[in-house]
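[1] Sequence and predicted structure below; questions after.
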Number of protein chains: 2
Amino acid sequence: MQTVPWWSELTELFPDKARVVRTESVLDAHGRDFTYHLPHLPDAVVFVRSRDEVVTVMQFAHRHQIPVVPFGVGSSLEGHVIPVQGGISLDFTQMNRIVEFRPDDFLVRVEPGVTREQLNEYLRHEGLFFPVDPGANATIGGMTATNASGTNAVRYGVMRDQVKGLEVVLADGTVLHTGGLAVKSSAGYNLTGLFVGSEGTLGVFTEITLRLQAIPEQVVAARAVFPDLDTVSKAAAELTSSGLSLGRIELVDAGTVHVVNAYKGTHYDEAPTLFLEFSGAEPGVARDVEMAQEICEGAGCTAIVFERDKAAREKLWEARHHASLAMMASAPGKKHMVTDVCVPISALPGALHHARETIDAYGLDGMILGHVGDGNYHAGFMVDPADEADMARFRAVNEAIVEYALSRGGTCTGEHGVGLGKRKYLAREHGEEALAVMRGIKRLFDPQGILNPEKVVVEKRADD
Amino acid sequence: MQTVPWWSELTELFPDKARVVRTESVLDAHGRDFTYHLPHLPDAVVFVRSRDEVVTVMQFAHRHQIPVVPFGVGSSLEGHVIPVQGGISLDFTQMNRIVEFRPDDFLVRVEPGVTREQLNEYLRHEGLFFPVDPGANATIGGMTATNASGTNAVRYGVMRDQVKGLEVVLADGTVLHTGGLAVKSSAGYNLTGLFVGSEGTLGVFTEITLRLQAIPEQVVAARAVFPDLDTVSKAAAELTSSGLSLGRIELVDAGTVHVVNAYKGTHYDEAPTLFLEFSGAEPGVARDVEMAQEICEGAGCTAIVFERDKAAREKLWEARHHASLAMMASAPGKKHMVTDVCVPISALPGALHHARETIDAYGLDGMILGHVGDGNYHAGFMVDPADEADMARFRAVNEAIVEYALSRGGTCTGEHGVGLGKRKYLAREHGEEALAVMRGIKRLFDPQGILNPEKVVVEKRADD
């Protein structure tokens, strides 16, 4: 009869006993994300530092059928990191080395705990950078797991476009390598692309090979202010399909500018605004700036301000990137809830109009902002998860926004991922046939169901 | 006791009996590709015209366990379309409608039998084009199945970057939809990317949603001549990592120019040459052209000729694209055999040098050309498959070239796919663990093994 709990046995596998932690504060920090999703504590947190340690943990978990949930900085927005069945939270923050940098090949190999800012700090003096920027200083592992994107995606693409290869530990501890250092390959099934966006449900990443980009010669940022949501969204669609080489194109509504001003002490016009960036070789940028100004003015913008200076540009983008933090600061004690649909560009103005009307119809206080060059936008709310009546209204709005996007050929999640919050939309988005195939893939990779259980796809249940 | 052969039963399922064909010439045309791979006839060719007909065929094949091999124009280069176990060749050339064109979303939905040139002809007056260009006028279905790329990939990426969604008929006739019309999505496992490059072994495509590109404002082509392979390959690597916005960068050796001149009646210098293209907004192109000229001259180029006129540019690129045809025409009666490795850019000069030395050491007549901006190059030979001694030498050269590429982190196939010819390298490239996962995926999608059997991955056998 076993009386020693499994975490004691697990601790014995680590010479450094401090790496397996069960203190309340650490369990608590690994039981929640930034959002309204209900917390659930892991039984133990393991701070791994190497591929071999991950193998040790997975072999142990496989033997004992213990759930394992990979954890970066916990900035996910759909409950991905919450260990809903307890078990092990696998913390990667101490596994954060740059393994190999190949400047001539525009490639870098990193451990999953490397953060976006850490990587760009490392690259700063090399004339290269890593473009994916979801706002939060997330880990590369987490960004890979959710197929993150953000403001730069309109130019450089999403995580799946950057990841050239992976080292993955499977559910039983087997180590797998996918992809490689070549720019392209047609050598068999695309396992790399399958693991990217799998949210820790198919395997645990221990190394990631990323494509890098040259720092553009010139960068110009702009802020274009519009009288209302309809004009700003039409301008966004027009800019996007103009053929201009846009670096970023972000839309924020008046409410978003308001909370940002309060949080950052800025004085931006509290009106619907496009934050734009143009980058590249000098002559092209000059012409793009000119054409963008014409399009914005033609669409009815009331003011447009350009920022060429690096510090001024960084201030502008920091304001945009801190919109979520500003929203959270505006309602202390409440929790963040954010939609994440993505629609075809031509459907964007209609989608934004519909979202605003729906939010107003339910009498909610919601802000709209988004990566509109990709047709991806967010409606953000601050909610009290204990207030069931309020939660029902938020869910209804979320539902209506997703329904609208799906009816236009869009997706329920452009970049945040499925986690817990978007599972119920997968069948409607992809069809039962595709969902059945996804379930088959999950069973193939994780027959015991120990890898981040209940995320992305689950066996059919009443609430799905 | 069944005495009616299965193809008679299959014919009964089609009101138009002429769609199931068993004439010798048709079987013969569907039993081979362009290359040295040994032909094998199908038992019947079915000319499908709709998704529902594909479902009918797959349900029938599933019931009777009959192999099904999708067929476009048969321009594959590794035996993909050869029905090595007989069965049904599923011909898509009559299923070639443009289903929906969405210019504002830069998207088009097509049936798999649409060819690349047909699509671009359709788009010509819309200011848009489809960029992937493998040279042959292949079908979109075939290009999707092999994750094709070609000369434009250095700018626009490969097929997997263009395919936003698929309609797929599975082995048992189930219809599946993947992806959608949104630019990006994080909604579950990336089935689209898994099917792209699966070479007909996981499902049969019946509709493909493609991303389109704006036709660039200005295009300039160039031909830069170099004294030897080492200087041309170093120039190629330098141009590629220069940060210039290259549209295309193609390397051909002296032998390739020689057969092209003979085939096309052109008079290009019979020396190692870079074919270049610069495209985009006018001011950027002018600067790129200037910088490229500097780099080429610095690397020792002996002549550089620019072509701005559309007809002259097209003539230049037709010469490059007809290199394979020119090679075939140079040795009537023989068969084409071509390597397809892709290496990290920094390894390209070494790889080309090694390839040339290896070909010479074996006393073979081989030409080298490639999409060097991606690190992808081909060594092409004309062979007599019946000459066992010669074939052994070609195989040894192929083996040495692949081995070199893999040792540098490259791939055995950059764009042609695995088919029959590259199966034996998959374990060395990806490792047995990854190959086991690929086999698991194959079994999940096709438990009876009826979808293009013996291609990409096969159960472990002596020759693999």
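    Good, I have the coordinates. No experiment lies behind these values; they were computed from the predicted model shown. Residues are numbered from 1 along each chain as shown, chains lettered A, B, ... in the order given.
[2] only C-alpha atoms for contact and neighbour calcs from this point on.
    OK.
[3] Briefly note if stretch A:57-69 comes near chain B.
    No. Shown here: stretch A:57-69 not in contact with chain B (Cα under 8 Å from any Cα of the partner chain), separated by at least 15.7 Å.
[4] outside of that stretch, which residues touch it?
    With contacts defined as Cα atoms under 8 Å, 6 or more residues apart in numbering or on different chains, stretch A:57-69 is touched by A:10, A:81-83, A:85-90, A:169-173, A:200, A:448-453.
[5] list the contacts for the closest residue to residue A:28 other than its chain neighbours?
    Leaving aside its sequence neighbours, residue A:28 sits nearest to residue A:41 (Cα to Cα, 6 or more residues apart in numbering or on different chains; 6.1 Å). Residues counted as contacts of residue A:41 (Cα under 8 Å, 6+ apart) are A:27, A:28, A:30, A:31, A:32, A:82, A:83, A:84, A:86.
[6] what does residue A:367 give?
    Contacts of residue A:367 by Cα under 8 Å, 6+ apart are A:253, A:255, A:256, A:378, A:379, A:380, A:381.
[7] Was I right to think the fifth one contacts residue A:339?
    Going back to what we said before, that points to residue A:379. Yes. Look at residue A:379 against residue A:339 with Cα atoms under 8 Å: they come within range, at 5.2 Å.
[8] how far away is the closest residue to residue A:270 other than its chain neighbours from residue A:274?
    Spatial nearest neighbour of residue A:270, chain neighbours left out: residue A:254 (4.8 Å); criterion: Cα to Cα, 6+ apart. Going from residue A:254 to residue A:274 by Cα to Cα, to the nearest Å gives 11 Å.
[9] Please apply the same query to residue A:195.
    Distance from residue A:195 to residue A:274, by Cα to Cα: 34 Å.
[10] if we can go back for a sec, now, among the contacts of residue A:367, which is nearest to chain B?
    residue A:378 (13.6 Å; Cα to the nearest Cα).
[11] OK, contacts around the residue positioned nearest the centre of chain A?
    Centroid-nearest residue in chain A, with Cα atoms, centre = their mean: residue A:148, separated by 3.7 Å. Residue A:148 is in contact with A:132, A:134, A:158, A:159, A:197, A:415, A:416, A:417, B:186, counting by Cα under 8 Å, 6+ apart.
[12] Just the element for it, please.
    Using DSSP states H and E, residue A:148 sits within no helix or strand.
[13] cool, and residue A:397?
    helix A:388-407.
[14] now do residue A:176
    Here residue A:176 is assigned to strand A:175-179, by DSSP H and E.
[15] and what of residue A:200?
    Counting by DSSP H and E, residue A:200 is part of no helix or strand.
[16] Setting aside sequence neighbours, what's the nearest residue to it?
    residue A:452 (5.8 Å).
[17] Report the contact partners of residue A:189.
    B:194, B:195, B:197, B:198, B:438.
[18] Okay, now the unreliable bits of chain A?
    Per-residue confidence for chain A (pLDDT under 70) gives these ranges: A:1-2, A:460-464.
[19] in the stretch 351-464 of chain A, what residue is nearest chain B?
    residue A:414 (4.2 Å).
[20] Next, count neighbours for that residue.
    As a burial measure, residue A:414 scores 30 neighbours (other Cα atoms under 10 Å in any protein chain shown).
[21] how near is the residue nearest to it when sequence neighbours are not counted to residue A:139?
    Closest residue to residue A:414 apart from its sequence neighbours, by Cα to Cα, 6+ apart: residue B:185 at 4.2 Å. Going from residue B:185 to residue A:139 by Cα to Cα gives 20 Å.
[22] higher neighbour count, these two?
    More crowded of residue B:185 and residue A:139, by other Cα under 10 Å: residue B:185, with 31 against 26.
[23] contacting residues around the more buried one?
    Here residue B:185 is in contact with A:342, A:411, A:412, A:413, A:414, A:415, B:179 (Cα under 8 Å, 6+ apart).
[24] if we go to 7 Å?
    A:411, A:413, A:414, A:415 (Cα atoms under 7 Å, 6 or more residues apart in numbering or on different chains).
[25] Residue A:71 now?
    Contact partners of residue A:71, counting by Cα under 7 Å, 6+ apart, are A:81, A:89, A:90, A:91, A:92.
[26] what about the first one, which helix or strand?
    In this assignment (DSSP H and E), residue A:81 forms part of neither any helix nor any strand.
[27] State the number of residues packed around it.
    Other residues close to residue A:81 by other Cα under 10 Å number 31.
[28] Pretty sure it sits against residue A:73.
    No. With contact defined as Cα atoms under 7 Å, residue A:81 does not count as touching residue A:73 (9.4 Å).
[29] which one of the contacts of residue A:367 is nearest residue A:398?
    Closest approach to residue A:398 among the contacts of residue A:367 (Cα to Cα): residue A:379, at 8.4 Å.
[30] Can you say which helix or strand has residue A:205 in it?
    strand A:204-211.
[31] Does anything pack onto that strand? Which helices or strands?
    Helices and strands touching strand A:204-211, by 3 or more Cα pairs under 7 Å, 6 or more residues apart in numbering or on different chains; DSSP states H and E, are strand A:107-110, strand A:163-169.
[32] Now do the end-to-end distance for stretch A:324-338.
    By Cα to Cα, one end of stretch A:324-338 lies 9 Å from the other end.
[33] List of residues touching it?
    Residues contacting stretch A:324-338 (Cα under 7 Å, 6+ apart): A:34-36, A:259-260, A:263, A:378-384.
[34] mind redoing it with 8 Å?
    A:34-36, A:77, A:256, A:259-260, A:262-264, A:378-385.
[35] can you check stretch A:216-224 too?
    A:273-282, A:285, A:289, A:296, A:301-309, A:313, A:316.
[36] ok, 7 Å please
    So stretch A:216-224 is contacted by A:273-282, A:301, A:303-308, A:313 (Cα under 7 Å, 6+ apart).
[37] Now the buried members of those.
    A:273-282, A:301, A:304, A:306-307, A:313 (16 or more other Cα atoms under 10 Å in any protein chain shown).
[38] tell me what the one helix or strand residue A:287 maps to is packed against?
    Assigned by DSSP H and E, residue A:287 belongs to helix A:282-298. Counting by 3+ Cα pairs under 7 Å, 6+ apart, the packing neighbours recorded for helix A:282-298 are helix A:229-240, strand A:273-280, helix B:282-298.
[39] Pop out the phi and psi values for residue A:418.
    phi -90, psi -50 (degrees, to the nearest 10).
[40] Run a quick check on it versus residue B:188, I expect a contact.
    Yes. Assessed by Cα under 7 Å, residue A:418 is found in contact with residue B:188 at 6.5 Å.
[41] Between the two, which contacts overlap?
    residue A:456.
[42] Out of the buried ones among the contacts of stretch A:216-224, which comes closest to chain B?
    Distances from chain B to the buried ones among the contacts of stretch A:216-224, taken by Cα to the nearest Cα, are shortest for residue A:281, at 6.7 Å.
[43] Would you mind measuring from that closest one to residue B:280?
    The value you get for residue A:281 to residue B:280, if Cα to Cα is used, is 12 Å.
[44] got it, and residue A:303?
    Taken as Cα to Cα, the span from residue A:303 to residue B:280 is 29 Å.
[45] just residue A:204 next, same as before
    41 Å.
[46] Could you do residue A:304 as well?
    Applying Cα to Cα, the value for residue A:304 to residue B:280 is 26 Å.
[47] which parts of stretch A:410-425 are buried?
    Those buried within stretch A:410-425 under the rule 16+ other Cα under 10 Å are A:410-425.
[48] swap in stretch A:359-376?
    A:359, A:366, A:367, A:368, A:369, A:370, A:371, A:372, A:373, A:374, A:375, A:376.
[49] got it, and stretch A:224-233?
    For stretch A:224-233, using 16+ other Cα under 10 Å, the buried residues are A:224, A:225, A:226, A:229, A:230, A:231, A:232, A:233.
[50] And the residues you listed, which is closest to chain B?
    residue A:233 (14.4 Å).
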